[in-house]
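Student: generate a structure from the sequence data that follows.
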Amino acid sequence: MPGMNEPKGISQEKRHFITEKIVRQPLTKRQIAERGILLVLAAVLFGVVAAISFVVSRPWAEKRFGEPPPAESLISIPKDEPTEAETEPETTKTRETETESQSFDEAVRGAMANYHYTVDDLNAMFNSLRTQVQKTAQGFVVVHSVQQEVDWFDNPVETTVLYSGAIIAVSSQEFLVLTPEAAIEHADSIKVTFANGTEVSGRIKQQDTLSGMAIVSVNVSDIDETTRKEVQPVVLGNSYMVREGDLIAAMGSPAGIARSVDYGWISYIKKNVQAVDLANRIFYSRVGSNAGRGTFLVNSSGELIGWALEQNQEEETNQMSMIVGISDYKGILEKLTNGLGAPCFGIEGQEVPSAMVDQGLPHGIYVLNSVTDRPAYHAGIQNGDIITRVEDREITTMKDFQNMVDNLECGQLIHVTVQRNGQEHYAELEFQLTVGAR
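Tutor: Here you go, the predicted structure:
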């Protein structure tokens, strides 16, 4: 029963319990110093043990798992600015100077008329270009497009088609090869053969379906040291500097056969040719070319200035080779070599001339063609619209537009302002456009 053993006179409510709190005595200065010294000694000891363990185990770990790859650096391809040929200023010549000039010209014409040219003279003229071609050839490769098939009896059959490629960039980990898109389109595997005969495996890095070109990557670790030292990437030239009459060489597959070469010169340059999202330059030459297998044009300095285009049967100059200048594609090539999709806006356009602006047309890019199933088409931009602004950037020239597109990213949502011609005046319209890939 409750309270049975409780003393008399003490009720349940008046019971008290004694509680105790144990308080730890504060550390003395001596104890604090001793513990600090022990902590420091323990940290030093653990650090020494960790360092020894790392030094001892690192060789075994590298041998067992391989050395970790270094961080891949991005490829940078500087852009070129369009330049026009400078006109020579008029100068006032004295009668004496004119007489001396005429005498010199007559002497030169007389010497040329009396000189009999030989084959040796022709060889001497091309010797400098030939030397450059031999040196540049180290930067060209053969791309093997390998396809695995079976015959009627289900026996495995391997077919290989050869394409040409140009090494346009080298990173710490990769050799990057520019080649026709056909080389990768149906390939089950890719092989790359260098100028000295070394053959290694390649892989698809990125492609541009609009230009019909692609990038194939070769791992540096797969290439022997001798080949790595011999191979130098082809220098990317400035195609804005090309002029009619310039001596050129076609390398790659101008004869339809890999590692063939042809020589010629630029016969004509067609400027501001509309293509998707850019206006480029097309060079015409009687040099041989096979665009499908890969033909690349180099100048007399051995610099890559463009690649051959497929012939258009309706083109008036279809008896000549058509070469697209490389400068307009450097922004695209930079994206592709870094494994990124090249951004696509999706129009063919031209800038509104100043004379038309003075007559009341908006200043911007006139849309000649909103390409079907491309981003601009899906956003609602139509033929005849004038693009005046993208995001917060005013667009007035094709170069402005092209640089803007180069700086976009695939999948990015952008705000586009256009002027559309109405019954009485141009009206401003706003569109949301999702950037695609070329």
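Student: show me where pLDDT drops low in the stretch 301-438 of the chain?
Tutor: 312-318 (pLDDT under 70).
Student: quick one, strands of it?
Tutor: 304-308, 321-325, 343-344, 347-351, 365-370, 386-390, 393-394, 413-421, 426-434, 436-437 (DSSP state E, counting those that start in this stretch).
Student: now do the fourth one: everything it contacts.
Tutor: The one in question is strand 347-351. 272, 274-277, 279, 364-371, 374, 376, 381, 387, 396-398, 401 (C-beta atoms under 8 Å, 6 or more residues apart in numbering). For every residue, glycine as well, the C-beta is placed using N, CA and C.
Student: and the residues you listed, which are buried?
Tutor: 276-277, 279, 364-367, 370-371, 374, 376, 381, 387, 396, 398, 401 (16 or more other C-beta atoms under 10 Å).
Student: follow-up on the earlier one: how about the strands of the stretch 301-438 of the chain, which one is nearest V150?
Tutor: With C-beta to C-beta as the criterion, V150 lies closest to strand 436-437 of the strands of the stretch 301-438 of the chain, at 33.4 Å.
Student: which strands and helices lie in contact with that closest one?
Tutor: strand 343-344 (3 or more C-beta pairs under 8 Å, 6 or more residues apart in numbering; DSSP states H and E).
Student: residue ranges of each domain in the chain, please.
Tutor: Using automatic domain parsing, the domain parsing of the chain gives 138-230, 239-337, 343-437.
Student: straight-line length of the shortest one, end to end?
Tutor: End-to-end span of domain 138-230 (C-alpha to C-alpha, to the nearest Å): 7 Å.
Student: please work out the average pLDDT along it.
Tutor: Averaged across domain 138-230, the pLDDT comes to 93.
Student: residue numbering should commence at 636 henceforth.
Tutor: Noted, 636 is the first residue going forward, which turns the last one into domain 773-865.
Student: count the residues that sit near V776.
Tutor: Per other C-beta atoms under 10 Å, the neighbour tally for V776 reads 30.
Student: next, the buried residues of the helix or strand it falls within.
Tutor: Assigned by DSSP states H and E, V776 belongs to strand 775-785. The neighbour-count check on strand 775-785 (16+ other C-beta under 10 Å) flags F775, V776, V777, V778, H779, S780 as buried.
Student: out of those residues, who's nearest I850?
Tutor: Out of the buried residues of strand 775-785, the member with the shortest distance to I850 (by C-beta to C-beta) is V778, at 11.0 Å.
Student: the strands of the stretch 936-1073 of the chain: which one's closest to S920?
Tutor: So among the strands of the stretch 936-1073 of the chain, strand 956-960 is nearest, using C-beta to C-beta, at 5.2 Å.
Student: so what are the sheet partners of the following helix or strand past the strand holding V776 and their directions?
Tutor: Counting by DSSP H and E, the next helix or strand C-terminal to strand 775-785 is strand 791-805. Its sheet considered, strand 791-805 pairs with strand 775-785 (antiparallel), strand 809-815 (antiparallel) by DSSP bridges.
Student: for A1014, see how far away I883 is.
Tutor: Between I883 and A1014 the computed distance is 41 Å (C-beta to C-beta, to the nearest Å).
Student: between those two, tell me which one has more neighbours.
Tutor: Per other C-beta under 10 Å, whichever of I883 and A1014 has more neighbours is I883, with 23 against 17.
Student: excluding residues flanking it in the chain, which one is nearest the more buried one?
Tutor: L932 (5.3 Å; C-beta to C-beta, 6 or more residues apart in numbering).
Student: thinking again about what came up before, reformat the strands paired with strand 791-805 as a markdown table; add distance to L709.
Tutor: Shown next, in a markdown table, are the strands paired with strand 791-805 (distance: least, C-beta to C-beta, whole Å):
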| stretch | distance to L709 |
| --- | --- |
| strand 775-785 | 23 |
| strand 809-815 | 12 |
